[in-house]
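> Next come a sequence and a model predicted from it.
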Amino acid sequence: MALTIVIVAMLLANATVYVARAMAPAEARAVDSPLLRPMSAPATTAPPTTAAGLAPTRKLDPVPPPVNGYAAEKIVRIGTIEIPKIGLVHPIYEGITLNSIDLGPSHWPGTAFPGEVGNAVFAGHRVTHTHPFLRINELVPGDVVIFTVGGLRSVYRMTGSRVVRPSETWIANQTATPTATLFGCHPPHSATYRYVVSLALESVQPV
């Protein structure tokens, strides 16, 4: 239900793509967060660690998004996402409201962080604002997605993709292994479906 709400909110944002929205104030509020190191990850002095060395450390309980999509929240930049295949290097944010998603791919609070056991879920626009996920449909199994969060570089490889209906909220379910999910509206300029990219963690190391 929570995912359905945020997807509907993203649809509303796409529908207002031609309405002027001052983004500068939101950028001005953005702050870097030093606190989002996955608690299960190795210390920065440890050697590179693979997914096999990680273990769950906390209960994961996604936070429901606001009903109207936008809500007062502090804009917190948690790191970056890199997708070499499509030339993407972009800041990522923490939050489930469109205040954050309008700035870039945003981590759903309560889901796993990159590098943790569980499903790290990120929503992003495909045609509005900075449209970071416009070309995620070009990814194929084996392509690399890299998150840098809290001083850790987590390397994932794509395992598959699918197109789902907005009601298929299972894409945000948590997993027993370290995985990640990217999703955005599909096809571009439409919110009829969702394009979903599934990832599996390959390695984690300090940066």
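That came in fine, so what should we check first?

> Pretty sure residue 171 sits in a strand.
No - read with DSSP: H, G, I helix; E, B strand; the rest coil, residue 171 is helix and lies in no strand.

> Go ahead and confirm it touches residue 181.
Yes - applying Cβ atoms under 8 Å as the test, residue 171 and residue 181 come out as touching, 5.7 Å apart. To be clear about C-beta, it is placed using only N, CA and C from the backbone, and glycine gets the same treatment.

> Which residues are in contact with each of those two?
Residues touching both residue 171 and residue 181 by Cβ atoms under 8 Å, 6 or more residues apart in numbering: 121, 196.

> In terms of neighbours, single out the busier of the two.
residue 181 (20 against 17; other Cβ atoms under 10 Å).

> Spell out the secondary structure type for that one.
Applying three-state DSSP: residue 181 is strand.

> and the gap between the residue nearest to it when sequence neighbours are not counted and residue 105?
Once flanking residues are discounted, residue 181 sits nearest to residue 121: 4.9 Å by Cβ to Cβ, 6 or more residues apart in numbering. Plainly put, residue 121 is 10 Å away from residue 105 if you go by Cβ to Cβ, to the nearest Å.

> and the one helix or strand the residue nearest to residue 181 maps to, what other elements does it pack with?
For residue 121, the element it lies in under DSSP states H and E is strand 118-123. Where contact means 3 or more Cβ pairs under 8 Å, 6 or more residues apart in numbering; DSSP states H and E, strand 118-123 is packed against strand 106-107, strand 178-186.

> Name the surrounding residues that touch it.
For strand 118-123, contacts defined as Cβ under 8 Å, 6+ apart pick out 6, 10, 56, 60, 62, 81, 92, 96, 101, 105-108, 111-114, 147, 171-175, 178-184.
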